[in-house]
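Engineer: Structure for the following, please:
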Amino acid sequence: MKICLVNPPRLLRPMSATQKSAPPLGLAYIASILNNLGHQVCAIDCIAEAPYKYHRFNGDIVLNGLNEQQLLQLIPNNVDVIGFSLMFSGNWLHNRILIDAVGERFPNATIIAGGEHVTAAANLCFEQTKHLKACVLGEGEETIAELINAIEKNTDLSSVAGIAFRDDENKVRHTPARVRIRNLDEIPLPQWDIFPIEKYTEHDISFGINYSDIVSLPLLATRGCPYTCTFCSSPQMWGTKYQMRSVQSVADEMELYYNKYKARNFDFYDLTAIINKHWIIELCKTIKDRNLQITWQIPAGTRSEAIDAEVAKWLYKSGCKIITYAPESGSEETLKAIKKKISIDKMLASIRYSRNAGMNVKINFIIGFPNERHLNIWHNIWFLIKASYAGANDMAPAVFSPYPGSELYNKLKNNGEINERQDAYFEEIINVDTFWDIKFYNQNIPTFILRFYLFFYLFVFYTSNFLFYPGRLIKTIKNLVSHNYESRGEMTLGELMKRRKVKIEDYYLRQNEVITEKI
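Structural biologist: Take a look at the predicted model:
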């Protein structure tokens with residue numbers, strides 16, 4: 001089978017705090033599986049091919065990357081299957097247009113999709129497109145192998161576990177869920193040969209901080225998360241089964257990329273990377289033993305207590321320069337409500353260990369949870385001051401946004417506060433990073449006050465940080481001027497400064513009436 005995998009463009013507001021795009025690790029895994037089965041696989045990364053192209057889409061929302069006309073010119077004419085990676089719900093307003101534009105241009109090809117968005121909202125995806133045939137739900141490697149085999153042999157798709165599909169009568173059917181892959185070491189490593197690695201490097205496209213002119217590639221050392229945070233869609237995508245690859249497998253992958261692609265920086269995509277202290281120390285020692293001269297970045301996840309002084313020391317010695325903590329809140333009441341199982345005191349201690357070891361420490365924070373009250377907000381502010389004093393030097397405040405598949409999304413939907421069949425809901429997801437046109441799902445605090453708190457979070461954290469550590473202000477200014485970023489905050493500011501100069505082109509409007517009609 002001739003298969004084309006597509007990483008689609010994204011929707012954003014030009015002056016939003018949206019981070020740069022990242023290499024599509026999921027597609028690279030899928031490409032490897034299909035290639036091993038003997039299929040002919042190509043890939044098109046719409047953002048990497050045109051990272052500074054912006055097309056008018058709707059109002060102030062722009063399309064970043066290749067538009068559909070440009071994509072259609074790159075897809076091979078004799079393609080049998082076209083697969084889309086649909087990870088982010090904020091891109092759905094264009095994803096649905098792209099799918100049908102491709103379907104009209106390639107009527108003999110089978111259109112499939114996978115990713116977190118289709119896993120959480122498969123029925124909506126079928127309802128709002130005409131040419132989407134099947135969706136891979138959850139973990140995709142074994143499912144895609146069986147699905148492509150069924151398409152090739154033209155057999156009934158109902159025999160493939162872990163999918164939703166449109167049958168011959170145009171009805172959507174779901175097959176039984178697939179059991180998670182047990183041995184992660186047996187999964188073939190991602191195939192990056194068909195992706196534009198040189199463009200990722202040239203345009204600094206990475207999940208974390210990409211150091212100038214250094215090849216940076218993503219890794220996944222674990223899958224799933226044992227926790228059930230109410231704002232997260234991971235339980236539906238992966239379930240709550242947490243699995244770890246062997247240290248040998250992860251180190252082998254790093255060494256392979258080190259030698260084959262000259263990669264010198266690695267970004268871990270894990271949801272909760274560090275749970276087992278012995279495992280992470282062994283990985284650090286293995287990196288040192290193999291003399292890999294690298295830097296790497298990792299999210300601490302929920303189990304921050306696993307990072308003590310010993311772990312922090314080994315992380316830094318092996319090249320881990322940046323670590324991200326995700327407390328999301330400093331209020332015990334809010335943490336309990338969102339089922340975020342952390343100890344505030346242990347997290348502050350862990351932040352201190354990481355900073356003392358020499359790492360750049362970033363913390364993720366969310367404002368606007370439905371049940372938050374003023375007192376919770378002030379607990380958050382006090383936590384930010386303590387985290388700043390402990391050594392955190394980077395903070396990214398996010399506004400709560402109910403993503404399909406999360407517990408809070410289902411609750412708000414059942415209460416009538418969300419209607420995913422209205423485009424306004426997806427526009428709200430896009431706007432969440434603007435700090436201005438934000439939809440808050442909180443009934444306890446007026447919107448204008450929540451917006452003030454959002455900016456106050458930034459003011460309190462960074463003012464206290466520069467007071468506690470005066471040298472950081474000078475260093476931050478120097479990094480912004482030199483474009484040699486050392487934190488996600490600096491990288492975001494640098495990206496915003498770059499976007500101020502972008503030229504927004506007219507969006508390509510399709511001539512075919514069937515495609516352009518309102519969905």
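
Engineer: Can you list the buried residues in stretch 439-448?
Structural biologist: 439, 440, 441, 442, 445 (16 or more other CB atoms under 10 Å). (C-beta placed from N, C-alpha, C; glycine too.)

Engineer: ugh, wrong one, I meant stretch 154-166
Structural biologist: Neighbour counts over stretch 154-166 (16+ other CB under 10 Å) mark 157, 160, 162, 163, 164, 165, 166 as buried.

Engineer: same check, this time on stretch 253-262
Structural biologist: Neighbour counts over stretch 253-262 (16+ other CB under 10 Å) mark 253, 254, 255, 257, 258, 261 as buried.

Engineer: show me where the stretch 101-250 of the chain has strands.
Structural biologist: Counting by DSSP state E, counting those that start in this stretch, the stretch 101-250 of the chain has strands at residues 110-114, 132-136, 163-166, 172-174, 215-219, 222-223, 243-244.

Engineer: my bad, the stretch 251-400 of the chain
Structural biologist: Counting by DSSP E, counting those that start in this stretch, residue ranges of the strands within the stretch 251-400 of the chain are 263-268, 295-301, 320-328, 360-367, 394-399.

Engineer: could the buried residues of stretch 154-166 be laid out in a markdown table, adding pLDDT?
Structural biologist: Output for these, formatted as a markdown table (pLDDT from 0 to 100):
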| residue | pLDDT |
| --- | --- |
| 157 | 97 |
| 160 | 97 |
| 162 | 96 |
| 163 | 98 |
| 164 | 98 |
| 165 | 97 |
| 166 | 96 |
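
Engineer: Would you mind listing the two of these that lie farthest apart?
Structural biologist: Greatest spatial distance among the buried residues of stretch 154-166 (CB to CB): 162 and 166, at 15.9 Å.

Engineer: Give me the phi and psi for the residue of the chain most remote from its centre.
Structural biologist: The C-alpha centroid of the chain is most remote from residue 169, which lies 35.1 Å away (CA atoms, centre = their mean). Backbone torsions for residue 169, taken as degrees, to the nearest 10, come to phi -100, psi 10.

Engineer: Could you find the closest non-adjacent residue to residue 250?
Structural biologist: Spatial nearest neighbour of residue 250, excluding adjacent residues (CB to CB, 6 or more residues apart in numbering): residue 221 at 4.9 Å.

Engineer: Just the pLDDT for residue 15.
Structural biologist: In this model, residue 15 is scored at 74, pLDDT.

Engineer: Neighbours of it, how many?
Structural biologist: For residue 15, the neighbour count with other CB atoms under 10 Å is 15.

Engineer: Look at it and tell me its secondary structure.
Structural biologist: coil (DSSP: H, G, I helix; E, B strand; the rest coil).

Engineer: Excluding sequence neighbours, find me the nearest residue to residue 235.
Structural biologist: Leaving out its chain neighbours, the residue that sits closest to residue 235 by CB to CB, 6+ apart is residue 228, at 5.4 Å.

Engineer: Is it correct that that neighbour is in contact with residue 407?
Structural biologist: Yes: assessed by CB atoms under 8 Å, residue 228 is found in contact with residue 407 at 7.3 Å.

Engineer: what's stretch 68-85 in contact with?
Structural biologist: Contacts to stretch 68-85, defined as CB atoms under 8 Å, 6 or more residues apart in numbering, come from residues 1-8, 24, 26-27, 30, 42, 44, 46, 49-50, 66, 95, 97-99, 101-102, 105-106, 108-115, 144, 148, 151-152, 508, 510.

Engineer: Filter the residues you listed down to the ones in helices?
Structural biologist: 26-27, 30, 95, 97-99, 101-102, 105, 144, 148, 151-152 (DSSP state H).

Engineer: what is the mean pLDDT for stretch 388-395?
Structural biologist: The average pLDDT within stretch 388-395 is 93.

Engineer: now do stretch 475-482
Structural biologist: In the prediction, stretch 475-482 has an average pLDDT of 78.

Engineer: again, but for stretch 228-245
Structural biologist: Stretch 228-245 carries an average pLDDT of 82.
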